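Novice: Show me how the following folds:
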Amino acid sequence: MNKITTNNRLISLDVLRGFVMFWIMSGEHIIHALAKAAPIPVFVWMSSQMHHTDWDGITFYDMIFPVFLFVAGVSMPYSFDKKIKLAGVTEPSELPSNEKKKIYFSMLKRTFILVFLGFVVNGLLRFDGYDQTRFASVLGRIGIAWFFAGLIYLNFDLKKQIVWFTGILIGYYLAMKLIPVPGFGAGDLTAEGSLEGYIDRLFLPGRLHSRVYDPEGIFSTIPAVSTALLGVFLGTFLKAEHPYYTIKNKVVIMTGSAVVLIITGLLWNFDFPINKHLWTSSFVCFVGGFSILFFLFFYVLIDVLGFKKWAFPLVLIGSNSILIYMAAEGLIDFKHTAEYVFGGLIEFSPLVWQPVFTTISVTVIQLILLYFLYRKKWFLKV
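Specialist: Below you'll find the predicted structure:
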């Protein structure tokens, strides 16, 4: 089967990236507005899924960040493929040391840029002072976790990569359960009493997101490497060529892997609760399984069945996902622009529905901007 690609990109990856980013840039606000305008059970339930959990447990919104990191991992085998072929080797671990050094440099550059962009999103350029600046960030965690997953991918074969994946999750679990925190003891998984929170308070500079811990803190970034590695495993599997790997068999294997991960996460949840704030090992497994299922949906629909035109708006979002994330996080006031353009028309609608149409108009403005950038081939590539 010839995969559907644009500029050597797997379209289903851009679509999945666009799907999860849509909820951050404006989709969540549409759902919340719908739930208020028409409080029927389905909209109320969807609105409840557009919030992070207070602590243990999981919602759809908790999955967005790890799915995005997972997608970054899936892209890795594709992005390194050309360098591997030019070097005349079959495995990334077989690359000559001089080639690896070049890749390391480009990876470090990408990581530093993402960390810096994370600072910008957090308000670095407002110059509020060191104590008021939050240094941990979503983009920073993506860059750091992707970097270390890349080091593992480039230096170990698949079996050893799986050992790393498993070792990270078990090691994190044992550390969180067995290493005592002063004043709380060992195994305390509360915000203040957890080892993750304690390490953040000791070593994370500036302002913590939640005073006693940071959801993108230092220690919980370690299991995030395993989230990226799950994506690497899927990307490696998709690229693998073998007579047994027919489309049907690939779909069955991916589905089975997703189910195993979800069950593993649910079973581990009894002793190490699914918790995004701590990025627990059970969280990695549970969300990793759903990440595969989300990808599988778009992969089958777009790459296997060829239904791709409907997904063009998601391609627009996914191909410039970091830019629209930064813009939606406060760099651009899309609501002001939307009200300026569509405000007169919205006033003709019933009062209760005006917030719904306002949030939809924000999405329209965002898509117009993304379409303009897409046509100009202007992409924020990091």
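
Novice: Can you list the buried residues in the longest helix along the chain?
Specialist: When the chain is parsed with DSSP state H, its longest helix is helix 97-121. Buried residues in helix 97-121, counted by 16 or more other CB atoms under 10 Å: 99-100, 103, 107, 110-111, 113-121. Heads up, the C-betas are built off the backbone N, CA and C, glycines and all.

Novice: again with stretch 360-372
Specialist: Quick answer for stretch 360-372 (16+ other CB under 10 Å): 360, 361, 362, 363, 365, 366, 367, 369, 370.

Novice: Could you verify my assumption that residue 286 touches residue 263?
Specialist: No - Residue 286 is not in contact with residue 263 according to CB atoms under 8 Å; the separation is 9.0 Å.

Novice: I'd like to check what contacts the helix or strand where residue 372 lies. Which residues are they?
Specialist: Using DSSP states H and E, residue 372 sits in helix 354-375. The contact list for helix 354-375, computed with CB atoms under 8 Å, 6 or more residues apart in numbering, reads 22, 25-27, 29-30, 32-34, 36-37, 313, 315-317, 319-320, 323-324, 327-328, 334-335, 337-339, 341-342, 345-347, 349, 379.

Novice: Could I get the full set of strands for the stretch 201-350 of the chain?
Specialist: In chain order, the stretch 201-350 of the chain shows no strands, with DSSP state E, counting those that start in this stretch as the criterion.

Novice: can you list the weak-confidence ranges in the protein?
Specialist: The model of the chain has pLDDT under 70 over residues 1-9, 130.

Novice: Nearest residue to the middle of it?
Specialist: Central residue of the chain (CA atoms, centre = their mean): residue 68, 2.0 Å from the mean position.

Novice: hang on, the earlier thing: residue 286 and residue 263 - which one has more neighbours?
Specialist: residue 286 (25 against 13; other CB atoms under 10 Å).

Novice: now the more buried one: how far from residue 169?
Specialist: Residue 286 sits 12 Å away from residue 169, going by CB to CB, to the nearest Å.

Novice: try residue 38
Specialist: 42 Å.

Novice: Also residue 116?
Specialist: 29 Å.

Novice: Same check on residue 342?
Specialist: 47 Å.

Novice: who's more crowded, these two?
Specialist: Taking other CB under 10 Å, residue 342 and residue 169 do not tie; residue 169 has more neighbours (25 against 17).

Novice: Which residues belonging to the host helix or strand of that one are considered buried?
Specialist: For residue 169, the host element (DSSP H and E) is helix 158-178. Neighbour-count burial for helix 158-178, counted by 16+ other CB under 10 Å, picks out 161, 164, 165, 168, 169, 172, 173, 176.

Novice: residues contacting residue 200?
Specialist: 136, 208, 212, 213, 214, 217, 218, 219.

Novice: Which secondary structure state is assigned to it?
Specialist: helix (DSSP: H, G, I helix; E, B strand; the rest coil).

Novice: Leaving out sequence neighbours, find the closest residue to it.
Specialist: Spatial nearest neighbour of residue 200, excluding adjacent residues (CB to CB, 6 or more residues apart in numbering): residue 217 at 4.0 Å.

Novice: rewinding a little: closest to residue 303 among the buried residues of helix 158-178?
Specialist: Distance to residue 303 across the buried residues of helix 158-178 (CB to CB) is lowest for residue 161, with 24.3 Å.

Novice: how many neighbours does residue 376 have?
Specialist: With other CB under 10 Å as criterion, residue 376 counts 8.

Novice: how much space between it and residue 283?
Specialist: As judged by CB to CB, residue 376 and residue 283 stand 39 Å apart.

Novice: got the buried residues for stretch 226-235?
Specialist: Buried-residue list, stretch 226-235, by 16+ other CB under 10 Å: 226, 227, 228, 229, 230, 231, 232, 233, 234, 235.

Novice: Pull the contacting residues for the third one.
Specialist: When the contact criterion is CB under 8 Å, 6+ apart, the partners of residue 228 are 69, 70, 72, 73, 76, 145, 146, 148, 149.

Novice: who wins for neighbours among the residues you listed?
Specialist: Neighbour-wise, the contacts of residue 228 (other CB under 10 Å) top out at residue 70, 30 neighbours.

Novice: shouldn't it be in contact with residue 227?
Specialist: Yes - Residue 70 is within contact range of residue 227, at 5.8 Å (criterion: CB under 8 Å).

Novice: Now do the shared contacts for these two.
Specialist: 287, 288.

Novice: Could you work out the end-to-end span of stretch 184-199 for me?
Specialist: Start-to-end span of stretch 184-199 (CA to CA, to the nearest Å) is 13 Å.

Novice: Stretch 114-132 too?
Specialist: Start-to-end, stretch 114-132 (CA to CA) is 20 Å.

Novice: what's the answer for stretch 369-382, then?
Specialist: Note: stretch 369-382 ends 19 Å apart using CA to CA.

Novice: neighbours around residue 27, how many?
Specialist: So residue 27, with other CB under 10 Å, has 18 neighbours.

Novice: how far away is the residue lying closest to it once chain neighbours are set aside from residue 45?
Specialist: Leaving out its chain neighbours, the residue that sits closest to residue 27 by CB to CB, 6+ apart is residue 363, at 7.4 Å. The gap separating residue 363 from residue 45 is 21 Å, by CB to CB.
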